[in-house]
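In: Any chance you can model this:
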Amino acid sequence: MSTPDRGVPDGVFLDSWSDLGRVLLVGSSAYLLLVVVLRLSGKRTLAKLNAFDLVVTVALGSTLATVLLDRNVSLAEGVLALALLVVLQFVVARLSVRVGRVRRLVKSEPTLLLHQGELLHARLEQQRVAPEEVRQAVRSQGIGGLESVEAVVLETDGTLSVIPTGSAGSASALSDVQAP
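Out: Residues are numbered from 1 along each chain as shown. Just a heads-up that it's a prediction; the model follows:
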C-alpha cells in the first residue's frame with residue numbers, strides 16, 4: 001500500500017540534518033572570517049561611495065551565500081574568494097586615489113542636474129533622471145520651491161544632493177562638478 005502523493009517534492013523542507021549542521025558550521029566560520037577580513041581591510045571596503053563599491057558589496061554577499069548553501073564549495077574556497085574580493089577592492093580603491101586613469105575608469109563624475117533653481121534638462125536626460133525625481137529630492141529636504149535651490153547634484157553613488165541657496169556659501173563643494 002503506497003502513500004498518496006501530496007505534491008511536495010523530496011528535500012523541499014529538509015534533505016538531511018547533516019546539511020543543517022554544515023550550514024551552521026560553515027556559515028558561522030565564514031561569517032567570522034569575513035568580519036576579520038573586513039576589519040583588517042578598513043572602512044572603505046564596504047563604503048557606498050560609487051557603483052563599483054556597490055558591486056563589490058553585492059559580490060561579497062553573493063559569495064557568502066554560495067559558501068553557505070553550495071555543498072560543492074568548501075569553507076577554504078569560500079574564505080579565499082571572500083579575501084580575494086576584499087584584497088582586490090583594497091587595491092583598486094588605493095590605486096584610484098593615486099592614479100587618475102584608474103580613478104576615471106572605476107568612478108563616475110558627479111553631475112549637476114539643477115543650477116540656481118533651473119533644471120538642466122539635457123543633463124537630466126543624459127543621466128536618465130526624471131524632473132520629478134529632482135523635485136522629490138528637493139521636497140525631502142523640506143524645500144518648497146526650486147528657486148530656493150542653488151544646486152542638485154547626482155552623486156557618484158546615485159544619490160541626489162540638494163544645496164539650498166542660503167547654504168551654498170562659496171560653492172567650493174561643487175568644485176568637482178562640471179559647471180552648466
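In: Not including adjacent chain positions, what is the nearest residue to residue 114?
Out: Closest residue in space to residue 114, ignoring its immediate chain neighbours: residue 152 at 3.9 Å, by Cβ to Cβ, 6 or more residues apart in numbering. Every residue, glycine included, has its C-beta placed from N, CA and C.
In: three-state assignment of the one you found?
Out: Following DSSP: H, G, I helix; E, B strand; the rest coil, residue 152 is assigned to strand.
In: And residue 134, by the same measure?
Out: Assigned by three-state DSSP, the conformation of residue 134 is helix.
In: For burial, what's the neighbour tally of it?
Out: Neighbourhood size, residue 134 [other Cβ atoms under 10 Å]: 21.
In: Go ahead and confirm it touches residue 161.
Out: No. Look at residue 134 against residue 161 with Cβ atoms under 8 Å: they stay out of range, at 11.1 Å.
In: who touches both of the two?
Out: When contacts are counted by Cβ atoms under 8 Å, 6 or more residues apart in numbering, the set common to residue 134 and residue 161 consists of residue 152.
In: Residue 180 and residue 114 touch, don't they?
Out: No. Under the criterion of Cβ under 8 Å, residue 180 is not in contact with residue 114, lying 9.4 Å apart.
In: Have a look at these two and say which one is more surrounded.
Out: Neighbours were counted for residue 180 and for residue 114 using other Cβ under 10 Å; residue 114 has more, 26 against 13.
In: which residues touch the more buried one?
Out: Applying Cβ under 8 Å, 6+ apart to residue 114 gives the contacts 120, 134, 138, 146, 149, 151, 152.
In: measure residue 131 to residue 153 for me?
Out: Remark: distance between residue 131 and residue 153 (Cβ to Cβ, to the nearest Å) = 15 Å.
In: So which of these two has more stuff around it?
Out: When neighbours are counted by other Cβ under 10 Å, residue 131 and residue 153 differ, and residue 153 comes out ahead with 21 against 14.
In: Quick check: nearest residue in space to that one, chain neighbours excluded?
Out: Once flanking residues are discounted, residue 153 sits nearest to residue 161: 4.6 Å by Cβ to Cβ, 6+ apart.
In: show me what contacts the residue nearest to residue 114?
Out: So residue 152 contacts 112, 113, 114, 134, 137, 138, 160, 161, 162, 163 (Cβ under 8 Å, 6+ apart).
In: want to throw these into TSV with secondary structure?
Out: Formatted as TSV, the contacts of residue 152 follow (three-state DSSP):
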residue	secondary structure
112	strand
113	strand
114	strand
134	helix
137	helix
138	helix
160	strand
161	strand
162	strand
163	strand
